[in-house]
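Got a predicted structure here, sequence first:
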Amino acid sequence: MGDTLIVVVVIGLVAVLMFVFPLMTMSDRTDDISQLAVETATTEFVDDARTSGKLTLDKYSKFVENISSTGNAYDVEMEVRVLDENPGKKTTQVNSRKIGENVYYSMYTSQILDYLKENNGVLPLKEGDIIIVNAKNNGTTLSQQLKNFLYSVTGNDTYTIAAEHAGIVTANGSGTGN
């Protein structure tokens, strides 16, 4: 009877070593590849908006499609800080581009998407505006599920795949902005 118990325990350990750990390793690699894809797509999206001087609904849709192709669902948050050329301050300075004198107002994801839908899918940006994009997965990946099962180390509100990129617009888009 004692030998049978040992054999069952050994078979269980072998099954874990042969199946669970390789599955964990492969799921971690999948998360790494997804992380790289999301970082690349986010950087390309922001850099395109920065250098072209406009944010378009088509490019936003393509960006969301690209990151969703990793098999995960993502929360995308955007912010555009629009440089206000008329801050309403009287200055005696000749150069209004000095640090500390620029005034920005922010547009966030829902405002940006509403603007895009109402204005032919284009949000013109001007030189000096700032665009910030965050993307993070809002589901649990296989790697997270396995780690939760085996280690109980990650919580429900954590995410493993995320990217953030921001930059200052270097070109004026068509129009004057807002």
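Sure thing, it's come through. Numbering: from 1, shown residues only.

need the contact list for the closest residue to residue 108 other than its chain neighbours.
Leaving aside its sequence neighbours, residue 108 sits nearest to residue 79 (Cβ to Cβ, 6 or more residues apart in numbering; 5.6 Å). Placement of C-beta: from N, CA and C, glycine included. Residue 79 makes contact with 106-109, 130-133 under the criterion Cβ atoms under 8 Å, 6 or more residues apart in numbering.

Let me have these in a markdown table, adding secondary structure as columns.
Formatted as a markdown table, those follow (DSSP: H, G, I helix; E, B strand; the rest coil):
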| residue | secondary structure |
| --- | --- |
| 106 | strand |
| 107 | strand |
| 108 | strand |
| 109 | helix |
| 130 | strand |
| 131 | strand |
| 132 | strand |
| 133 | strand |
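
returning to what we had before: just list whatever residues bridge to the residue nearest to residue 108.
In this entry, residue 79 is beta-bridged to residue 108, residue 132, by DSSP bridges.

Point out where this protein drops to low pLDDT.
Scanning the chain with the threshold set as pLDDT under 70 gives 1, 86-101, 152-159, 174-178.

Show me which positions of the host helix or strand of residue 143 end up buried.
Per DSSP states H and E, residue 143 falls inside helix 142-150. For helix 142-150, a neighbour-count test (16 or more other Cβ atoms under 10 Å) marks 143-144, 146-147 as buried.

Tell me the first helix or strand C-terminal of that helix.
Next element after helix 142-150 (DSSP H and E): strand 162-168.
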